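In: pasted the sequence and its predicted model underneath.
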Amino acid sequence: MYLTRLKLIHFRNYEQLNQSFYPGVNVLYGRNAQGKTNILEAIHICGNGKSFRVNADSKAVMEGKEGAYLFAEYAENIDRSVEVLIGKDRKKSLKIDGIPAKNLKELLGNLFVVVFSPEDMKMAKEAPSLRRGFLDGEISKIRPSYVDALKNYTKIVAQKNAALRRENKNTGVVLDAYNAQLTGYIRIILKNRKAYVNKLGEYVRETHRAISGGTEEISIVYKETIPETEIAQTLKKLREKELVEGTCGAGPHRDDMEILINGKDIRVFASQGQLRTLMLAIKTACLKILEESTGETPVLLLDDVFSELDQTRKKNLLRTLKGIQVFITTADDADAKLLSRAHLYYVENGTVREREQK
Ligand SMILES: Nc1ncnc2c1ncn2[C@@H]1O[C@H](COP(=O)(O)OP(=O)(O)OP(=O)(O)O)[C@@H](O)[C@H]1O
């Protein structure tokens, strides 16, 4: 699928915008703080119902205005559209193909959008909770039933922790009851996360080789704290330890995803350029997995990806994106020119002008 038109009213620094776009590569270039990322943010809201930059979308309403209007027209087999009205009071109304949608859940699954922003680099480097959150988010997009298993698991772990904290003579029996319920949910979560990580690893290796020129080997491993084949037994073994520590110390809420470049942990060894290449490969892999399960090619948004990549990696990256509609922001004119077959848009103070490639 690809976005054919974006209309904005009172969104961030856009008083009004009505801009058409092309399949293939669309480059938004211009000086800092002119409104390039704001365009990506608007597309992301139309696809995923929320911003990738702020928690409260109401912050995206132009200062001094009551609300913002976003309209995205896109081509699947037929022309389709999504409309979002964001109120300053945080209220949001949505329309899909001109028909009001009841909730956000209805919006998802229409315009597929995957974004890469510099913030994503944290996922690879920082706390395991970010990697777990990443996996849960991506799996939820393709397996709605996973969301329920995860929700139930989280609820029971919280109840089990509360029981461990107020330990009394019945705690042992209560723990057994919680463990019996947890076993099934742990099995579902591990099965899905491990299958996703396997597929992710396969696609990331392929794309990473293409971008880096094949000089580095990536491996991605799911690190479980309870083995999938011995869930009930492990929970039983952990009982004494949990009673002493007063907390539920193992399970999917403590697992991690380890990423290695040439056998070395990226959290310790990777350079900024290596990290960026890796995250790009991960995002492209997510896009392919989403495409495989939905039959639609999502729109890819790349915010400021070119900084820290050398010329070879930049060119290789563009080669790997064939057949995908991509929006790239850059503050560097030279990058815009590097993209010989791209459509260029000059962004200045909340306006967008299409430019001819010279
Ligand atoms: N709610 C808002 N109302 C009005 N203007 C806003 C609002 N939020 C952000 N802006 C303006 O939007 C501009 C920033 O836009 P954006 O983040 O898209 O910049 P950019 O072109 O991507 O810059 P960079 O190259 O630095 O990343 C700033 O001028 C900022 O003042």
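Out: The structure has been received and is ready for your questions.
In: make it CA atoms for all contacts and neighbour counts henceforth
Out: OK.
In: distance from stretch 284-297 to the middle of the chain?
Out: 13 Å (CA atoms, centre = their mean, to the nearest Å).
In: likewise for stretch 250-267?
Out: The chain centroid and the centroid of stretch 250-267 are separated by 18 Å under CA atoms, centre = their mean.
In: going forward, count from 42.
Out: From this message on, residue numbering opens at 42, which makes the last subject stretch 291-308.
In: and the strands in the stretch 142-291 of the chain?
Out: According to DSSP state E, counting those that start in this stretch, the stretch 142-291 of the chain carries its strands in the segments 154-157, 259-264.
In: what about Asn67, how many residues nearby?
Out: Neighbours of Asn67 under the rule other CA atoms under 10 Å: 22.
In: oh, that last question was meant for Thr335, not what I typed.
Out: The local packing of Thr335 (other CA under 10 Å) involves 14 other residues.
In: check Ile261 too.
Out: By other CA under 10 Å, the residues close to Ile261 number 18.
In: now do the same contact list for the residue of the stretch 242-391 of the chain found nearest the ligand.
Out: Using CA to the nearest ligand atom, Ala372 is the residue of the stretch 242-391 of the chain that sits closest to the ligand, at 5.1 Å. Under the criterion of CA atoms under 8 Å, 6 or more residues apart in numbering, the contact partners of Ala372 comprise 70-73, 345.
In: which among those residues end up buried?
Out: 70-71, 345 (16 or more other CA atoms under 10 Å).
In: dump those to a markdown table, plus distance to Thr248 and pLDDT.
Out: Listed next are those as a markdown table, based on distance: CA to CA, whole Å; pLDDT from 0 to 100:
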| residue | distance to Thr248 | pLDDT |
| --- | --- | --- |
| Tyr70 | 25 | 94 |
| Gly71 | 29 | 95 |
| Asp345 | 19 | 90 |
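In: which of these fall within strands?
Out: When strands are assigned by DSSP state E, the members of the buried ones among the contacts of Ala372 inside them are Tyr70.
In: ok, and of the buried ones among the contacts of Ala372, which contact the ligand?
Out: Under the cut-off given by CA under 6 Å from any ligand atom, the ligand has nothing from the buried ones among the contacts of Ala372 close to it.
In: list just the nearest of the buried ones among the contacts of Ala372 to Leu380.
Out: Minimum distance to Leu380 across those is 11.8 Å, recorded for Tyr70 (CA to CA).
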